[in-house]
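[1] Using only what follows, build the 3D model:
(chains A and B)
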Amino acid sequence: MGVNTTDPYDVALPTPLPPAAEEAAEYALRSLSLPAKIRLLSGAKMFSLWADASVGLEEIVMSDGPTGVRGEEVVGGRESCLLPNATLIAQTWSTQVLEEVGALLAEEAMDQETHIVLGPTINLHRSPLGGRLFECFSEDPYITGVLAAAYVRSLQARGIAASPKHFLANESETQRTTVDCVVDERALRELYLLPFEIVDQDAHPWTVMASYNSINGVTATEHDELINQILKREWDFDGLVMSDWFATKSAAESANAGLDLVMPGPDTVWSTSLEKAVRSGAVSEETIDDHARRLLRLAARVGALGGRKWQTSIARPDSDARREQLRRIAAQGMAVLKNVNATLPLSKGVGSVALIGRHATDTVAQGGGSARVRPPHVVSIADGISSALWPDGVRLVDGVETRTRMLAASPAYVRDPETGTPGMRVRALDEHGEVIESRHLDVAELEVAEDGWLAGAARIELSADLALNEPARMRLGVIGPGEWTVTAPGHRENFTITPHDGPGGGLHRPKSHSSVVTVENRARLTATTAPHFEMRIIGLVVTAAPRPPAAAIRDAVEAAACADTAIVVVGNTQEQETEGQDKKTLALPGEQDALVAAVAAVARRTVVVINAATPILMPWIDDVEAVLFAGLPGQEAGDAVAAALIGEIEPSGRLVTTFPAHDGEGPAWDIIPTDGRLVYTEGTKVGYRGWYNSGREPLFWFGHGLGYTTWEYASAEVTEQEGPAVTEVAVKLSNTGSRAGRETVQIYRIPAEGEEPVRLIGWAQVSLDPGTDGTVRVKCDARTQRSWDVADQRWRPLTGGSIAVARGLGDLRITLPLENGQES
Amino acid sequence: MSYPPGFRIERERTRPEKAGDVARSKAIQAAIELFSTSGYNKTSIAEVALRTGLSQSGLLHHFPNKTALLTAVLEQREKEDSEFLFGEGEPPLGWAAFDSLVALVARNSTRPEWIGLFVRISAEATEASHPANRWMLDHYSSVRAWLTRALEHGKENGEVLPDAPVDAIVRNTIAVLDGLQQQWVAEPHSMSMVAELRVYLHQLHTVWGTA
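    Sure, this is the predicted structure:
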């Protein structure tokens, strides 16, 4: 029958800390003085911890994850593998893929001698407006926990620590450093804590990161109930809890609540006040010992207590092996949302193709914020489709504008005035205008840090000569906060760009300022800026002047009318998919909806490729033949999209979050706090749990995804129970289509009590050839089939109700009634 | 439907109007969001006030009633339409002006609630006493001015036949646009406005074009 099933439980737990290492950590602890211990409990630098030679403790280095291991520099650092974003990876619903991701990240970390990768991000998709959802797995706590556990096990099996984050209730970005999220106890237990609980039980993470926000009136880094009582005591977490960057507000309160490490350093509220708090009796020495013990235990685990040997000969980020992996994972995660008349997969040579849209060339491979990575390359969708499909037969048409904030200039547009090579010249000038240092950069942006080579400059000057084929109207300017003077032939401007509020305001999502100037080839663009109070990214902007949307759409309509197939590539940019800022609408930015609607009205058939990570509105959905939801696909983006479109790799992804049809719909929408409080009024009914039986249909359900074949479900039976919890369901199904395919069999429990929401309790995957059938045994998890009894402070199992086998809740295939928790 | 800045009729505005600009634009933005999610009828002045952060009387100071707010919203939308059609550059003239209407209609087709609003309000606003009457008359005369200039330009550079009846073509085009929208609202998704408009434009080209 060729049945090949996988389930979420096939990875071994990493071995516990060997006794010798635990002893070494204890020994180190006993030989440290109080000030020496306290010193270790704050970061030494932005992304590293203190060494202490007296106990053999080496520097522990960490890097932002989870889209790639960037290293310490936000831009311009080492080239690193850029993975597909978290939702696209999660759309594979595959623990094997998550293990592969964990292994890849571990190797990338080893290559940079980095001990900790800060991820995965396992907050939930509560409101679709959340800016950082692209970095989180799902709206469902169970799939989030299971996928995260596979990732963490795989990473840590290779001696690299994970840091599941952000603990807790950080589901949106508006006022994230101060907002008080008001969440009832049942929702906390059944939704927001559950992924952490699953990861803790199934993968034993070595660290957890506390968030910025408050939960029910107490800030996360001082939350005794969450950190000490639940995480450390109830769950027996023996790892280390670190703060998010600059999140810690107090010394004694946070130390007593169970926070173990304050990041970043060197100057923190602990480095200045914690020793005093101990001397005054506000914090006990036993508490400090517990924090230090956890830190040293972490050191033992990552090999920083005694000469870690770093693996060498690791695959380069642009090696064939990496490119194959990243392309395959991305393509597999992509979801076919609509596909009438078997429009997809496209076959080569079926006629002419118009490839339309800004995202075809400005392909968005990753989101914005601290997860940002410098990839070796990004294969644009235009390049991917052209090389895979119709090298000669693709007509490329630019679409409408998609960004309001410009990116740093493509190296193709700029030349270093001194060397003539692609990139720019950066000069540090003193107060007399003398050059202190001058460097070439092969990208048009860089990070200015307090301890960097530009720290002493009175002014910083960026310059480049433009590389144009002919005189053109271009947008010229800069990115990055600060006071600026920008000059080009016939153009001079002075202005100030303000930073965003909050941590990393100068670093993440830098704003831009540009003006349209008509310039000739080799025109010199020079920008100078004065010192700025915080770390920032600065760079040059050189890009074509915008066209009116109607003119761009006119061209697209003309091309689409003449082609056999129109492929329209649309999507979000880092202005929507970003840390630090939420969305206001799910509509595509700019006039992209108008572009799709215009093309769909004239093309023989229209395929829409969506280059976005999170739900978008599709007011044109009835007028197009096919939709491929492609996520933010990482460095191999274009090749992965091409492989999915022609079916070389089946895009077998299933959505991990429910897509509303209109703004404002769904159980949770508003993310703007009122008087500093954000109340999770929907309680436990987040995502599909709230949509189900709401009387409204979403655009697409959680779990939806068509793939390239069709499936018939013949029968299902409950084959194992533990008390009232269903722990295994056997499902017989067949591939009734004409292509081999991979099916994700989803099992939901629909409780009898109206107040208890429907929930995913298990899934399994099966690959079948056309015309064959198979039986899949789907393991289901009792941890999803319980409700938190607030009065008794304990779990109660769900009883009765029914089991649904579904391809997303909009496509129920088999329903099995349960009687008092027993199969009837 | 809209028209380029050069063809727009700017009304004189008094000093107090300018002083309240910030609150006004916040209220307009709130109304746009509410009208497009809840619709015009279901949106109350109180909701707009809440979303704007004004008291109800504060909002009523800027907009004496919901219709006045609607008029402001329509003006705002017209400004957006203008940016959509013309950006910061010169308005398209000749047949390019008519072709750019295709893009505008495509855009409208993705915002059914807005077309509904436009169709209803333009019917109501034919009454001279209606608060949106001035807006509607301005709207039509601006569109006529732009398309007239477009055809004259087309005659000058030879893409439009010299004997093309400019006024009639302009009024017919507006009639087709408004009529398509009205039918589309009456029977949602019964046809593609973009495809229908292209048929009409093709006829115009064939009869009055020189190419």
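
[2] B:L204 contacts B:V166, doesn't it?
    No. Counting by Cβ atoms under 8 Å, B:L204 stays clear of B:V166, with 11.8 Å between them. (Glycine included, C-beta is placed from N, CA and C.)

[3] In terms of pLDDT, where does A:T248 sit?
    Listed pLDDT for A:T248 reads 96.

[4] Help me confirm that it comes into contact with A:W270.
    Yes. In terms of Cβ under 8 Å, A:T248 counts as a neighbour of A:W270; the distance is 7.1 Å.

[5] Please enumerate the shared neighbours of the two.
    A:S254, A:V262 (Cβ atoms under 8 Å, 6 or more residues apart in numbering or on different chains).

[6] ok but A:A764 is inside a strand, no?
    Yes. Counting by DSSP: H, G, I helix; E, B strand; the rest coil, A:A764 is found in a strand.

[7] quick one: it and A:R742 touch, right?
    No. Shown here, A:A764 and A:R742 do not form a contact pair, counting by Cβ under 8 Å, at 11.1 Å.

[8] all helices of the stretch 101-250 of chain A, in order?
    A:141-157, A:185-187, A:194-203, A:224 (DSSP state H, counting those that start in this stretch).

[9] and these as TSV, adding distance to A:T772 and mean pLDDT?
    Putting the helices of the stretch 101-250 of chain A into TSV (distance: least, Cβ to Cβ, whole Å; pLDDT from 0 to 100) gives the following:
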stretch	distance to A:T772	mean pLDDT
helix A:141-157	27	98
helix A:185-187	43	98
helix A:194-203	33	98
helix A:224	56	98
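
[10] Select, out of those helices, the one closest to chain B.
    helix A:185-187 (25.2 Å; Cβ to the nearest Cβ).

[11] Run through the neighbouring helices and strands of that closest one.
    strand A:786-789 (3 or more Cβ pairs under 8 Å, 6 or more residues apart in numbering or on different chains; DSSP states H and E).

[12] Return the residues of chain A in contact with chain B.
    Residues of chain A lying close to chain B by Cβ under 8 Å from any Cβ of the partner chain are A:516, A:546-551, A:553-554, A:557, A:591, A:593-598, A:601-602, A:619-620, A:622-623, A:662-664.

[13] among the residues you listed, which are in strands?
    A:V516 (DSSP state E).

[14] Buried members of the residues of chain A next to chain B into ChimeraX, please.
    Entered in ChimeraX, the line below selects the buried ones among the residues of chain A next to chain B, by 16 or more other Cβ atoms under 10 Å in any protein chain shown:
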select /A:516,546,547,548,549,550,551,553,554,557,591,593,594,595,596,597,598,601,602,619,620,623,662,663
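
[15] For the stretch 501-650 of chain A, just list every one of the strands.
    Ranges of strands within the stretch 501-650 of chain A are A:512-519, A:524-529, A:536-544, A:565-571, A:606-611, A:626-629, based on DSSP state E, counting those that start in this stretch.

[16] Check the ones you listed for me and report the most buried one.
    Across the strands of the stretch 501-650 of chain A, averaging neighbours per residue (mean count of other Cβ atoms under 10 Å in any protein chain shown) puts strand A:565-571 on top, at a mean of 28.

[17] Give the rounded mean pLDDT of that strand.
    Strand A:565-571 comes out at a mean pLDDT of 97.

[18] neighbouring contacts of it?
    With Cβ under 8 Å, 6+ apart, strand A:565-571 has contacts from A:346, A:350-360, A:363-364, A:381, A:385, A:399, A:402, A:556, A:559-560, A:588, A:592, A:595-596, A:599-600, A:603-612, A:616, A:630, A:645.

[19] Inside helices: which ones of those residues?
    Among the contacts of strand A:565-571, DSSP state H puts A:358-360, A:381, A:385, A:556, A:559-560, A:592, A:595-596, A:599-600, A:645 in helices.

[20] Compile those into TSV and extend it with columns for distance to A:N693.
    Output for those, formatted as TSV (distance: Cβ to Cβ, whole Å):
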residue	distance to A:N693
A:R358	40
A:H359	36
A:A360	41
A:I381	39
A:I385	42
A:A556	41
A:A559	45
A:A560	41
A:Q592	33
A:L595	36
A:V596	32
A:V599	37
A:A600	33
A:L645	36
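
[21] picking up where we left off before, just the buried residues of the contacts of strand A:565-571.
    Counted by 16+ other Cβ under 10 Å, the contacts of strand A:565-571 give A:346, A:352-360, A:363-364, A:381, A:385, A:399, A:402, A:556, A:559-560, A:588, A:592, A:595-596, A:599-600, A:603, A:605-612, A:616, A:630, A:645 as buried.

[22] biggest helix in chain B by residues?
    Per DSSP H, chain B has its longest helix at helix B:133-156.

[23] right, quick check: it against chain A, any contact?
    No. Helix B:133-156 lies out of reach of chain A by Cβ under 8 Å from any Cβ, never closer than 12.5 Å.

[24] Which neighbouring elements make contact with that helix?
    Using 3+ Cβ pairs under 8 Å, 6+ apart, helix B:133-156 sits against helix B:66-86, helix B:95-109, helix B:166-186.

[25] pLDDT wise, what is the residue of the stretch 251-400 of chain A found nearest chain B at?
    Of all residues in the stretch 251-400 of chain A, the one sitting closest to chain B is A:V400 (9.1 Å; Cβ to the nearest Cβ). A:V400 carries a pLDDT value of 96.

[26] Nearest to the middle of chain A, which residue? Look it up for me.
    The centre of chain A sits closest to A:E135, judged by Cα atoms, centre = their mean, with a distance of 1.8 Å.

[27] how near is that one to chain B?
    Distance, A:E135 to chain B, using Cβ to the nearest Cβ, to the nearest Å: 27 Å.

[28] give me every residue that touches that residue.
    A:P66, A:T67, A:N85, A:A86, A:T121, A:G367, A:G369, A:A371, A:E579.

[29] Between the residues you listed, which sits nearest A:N341?
    Of all these, A:N341 sits closest to A:N85, with 30.5 Å by Cβ to Cβ.

[30] Run a quick neighbour tally on that closest one.
    Residues within reach of A:N85, counting by other Cβ atoms under 10 Å in any protein chain shown, total 30.

[31] just checking, it touches A:F134?
    Yes. In this structure, A:N85 is within contact of A:F134 by Cβ under 8 Å, at 4.9 Å.
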